[in-house]
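> Sharing a sequence plus its predicted fold:
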Amino acid sequence: AGRKFEHVDFTIRENFLAYIENIVIKGNKKTLDKVIRRELLIKPGELFNSALVNRSRERIFNLGYFKDVNFNTRPGSSETKMNLIIDVVEQPTGTISMGGGYGTISGFSIFTELGENNLNGTGQKVSGRIEFGPLRKFFQLSWTEPWIYDKPWSLTLSMFYSSRIINVGAASITDTQTQA
């Protein structure tokens, strides 16, 4: 069987500089558009910049809310305008962990932890942890807002309760801490 070769010539020509006319987000069922848009380094009306588009794609993917993030371009209302289409595929953002352990000081304990990294599509994080054993009781709740006043400043509120029994010879000491 002989091989067949084809000769192909490509002609590449530069086009006009293009400005972003619209940014359209598709595929987000849970995550709010605002959560995706705040990660963009480009805005409508700006000159198209492929380096900023690629960096924006990375920032959206790195949120951890999406299995896939694709950027495509479509012609705009004139030769110098283009529309940027962001197509995302969401993935589960909740976590659950359970376990147990034994320590010479704390004894046997079991724990469970629940978390959601994209609460109601807002990008907020919430988590809770409960640990229980004959010598130790621990409870923690935490909430994080990653963007305050549309700036990448984050705020985390946490509260916990901890109680531990320490055996010292024939006596025992109870140490309790609570913080909000």
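Perfect, I can see it now.

> which stretches of this structure have low pLDDT?
1-2, 11-15, 169-175, 178, 180 (pLDDT under 70).

> Residue nearest the middle of it, spatially speaking?
Central residue of the chain (Cα atoms, centre = their mean): L63, 2.8 Å from the mean position.

> residues in contact with that residue?
With contact set as Cβ atoms under 8 Å, 6 or more residues apart in numbering, L63 has these partners: V35, E39, N118, G123. Using the backbone N, CA and C atoms, a C-beta is placed for each residue, glycine as well.

> What's the biggest helix in the protein, counting residues?
helix 50-61 (DSSP state H).

> Next, the buried residues of that one.
Of the residues in helix 50-61, V53, S56, R57, I60, F61 count as buried by neighbour count, 16 or more other Cβ atoms under 10 Å.

> Over to stretch 147-160?
Those would be W147, for stretch 147-160 by 16+ other Cβ under 10 Å.

> what's the spacing between N70 and V89?
Here the criterion is Cβ to Cβ, to the nearest Å. By it, N70 lies 9 Å from V89.

> no no, A51
Distance from A51 to V89, by Cβ to Cβ: 24 Å.

> now do T122
Going from T122 to V89 by Cβ to Cβ gives 19 Å.

> same question, L141
31 Å.

> When the two are compared, which one has more neighbours?
L141 (15 against 12; other Cβ atoms under 10 Å).
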